[in-house]
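Undergrad: Here is a sequence together with a model predicted from it:
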Amino acid sequence: MPTGSPPQPVLRLRPTTPADLAVLFEFQCDPDSNDMAGTKPRTREGFNELWQRIFADPGVNARVIEIDGERGDDHAPEIVGSISRFQAEGNNCVGYWIGRRHWGKGFASRALALFIIEDTTRPLHATAASDNACSRHILEKCGFRFVGCRMGEETDRFTAREIADYVLD
């Protein structure tokens, strides 16, 4: 019997739909995920309001990250996270979120690599909490260039924290 890593599941990006929101809401509620990202979870009402604005905004490219199902006999696709391009402070930005159960499997790197092929908007900006080494590594692995650090202020969505800024030209 050959040794080595098991084959990686097929990973796809597809447009986010209202049917995906329950799973994505649960992902963004995870305390460990929020601590790593320097974010605060949204209420269900706030989350749904945000997504109604996203669905109505043609300038946002919102995708679900899914893999071939790992559970059950039907192997139905399983949502493992989300990724999107959006406007922030006048810049085209990318952000991603992987459900904690799926951390460490390479899904964020694979999804970001696919996304930047699909969405050719440049420059594309990204941020990560300075102490989030995993996210910083993912950005650098996918060709983003580190441009500096700054202190992020406390808001209703973010904790006060040092932020690393990146750009993909």
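TA: That came through, no problem.

Undergrad: middle-most residue in this structure, spatially?
TA: Centroid check for the chain by C-alpha atoms, centre = their mean gives residue 96 as the closest residue, at 1.0 Å.

Undergrad: Is that residue in contact with residue 112, as I believe?
TA: Yes - applying C-beta atoms under 8 Å, one finds residue 96 in contact with residue 112, separated by 6.2 Å. In short, each C-beta sits where N, CA and C put it, glycine included.

Undergrad: circling back to that earlier point, list the contacts of the residue nearest to the centre of the chain.
TA: 65, 81, 82, 83, 84, 108, 111, 112, 115 (C-beta atoms under 8 Å, 6 or more residues apart in numbering).

Undergrad: so the third one sits right up against residue 99, yeah?
TA: No - Residue 82 lies out of contact with residue 99 (C-beta under 8 Å); the separation is 9.3 Å.

Undergrad: wait, isn't residue 39 in contact with residue 156?
TA: No - contact criterion C-beta under 8 Å: residue 39 and residue 156 do not qualify, at 10.5 Å.

Undergrad: Counting neighbours, go ahead and name the busier of these two.
TA: residue 39 (17 against 7; other C-beta atoms under 10 Å).

Undergrad: Give me the distance between the more buried one and residue 52.
TA: As judged by C-beta to C-beta, to the nearest Å, residue 39 and residue 52 stand 20 Å apart.

Undergrad: Show me the shaky parts of the protein.
TA: Residues of the chain meeting the criterion pLDDT under 70: 1-4, 70-74.

Undergrad: the longest strand in it is where?
TA: Identified as the longest strand of the chain according to DSSP state E is strand 78-88.

Undergrad: Can you get me a residue count around the nearest residue to residue 26 once chain neighbours are set aside?
TA: Setting aside the residues directly before and after it, residue 26 is nearest to residue 99 in space (C-beta to C-beta, 6 or more residues apart in numbering), at 7.7 Å. Residue 99 has 20 neighbouring residues, counting by other C-beta under 10 Å.
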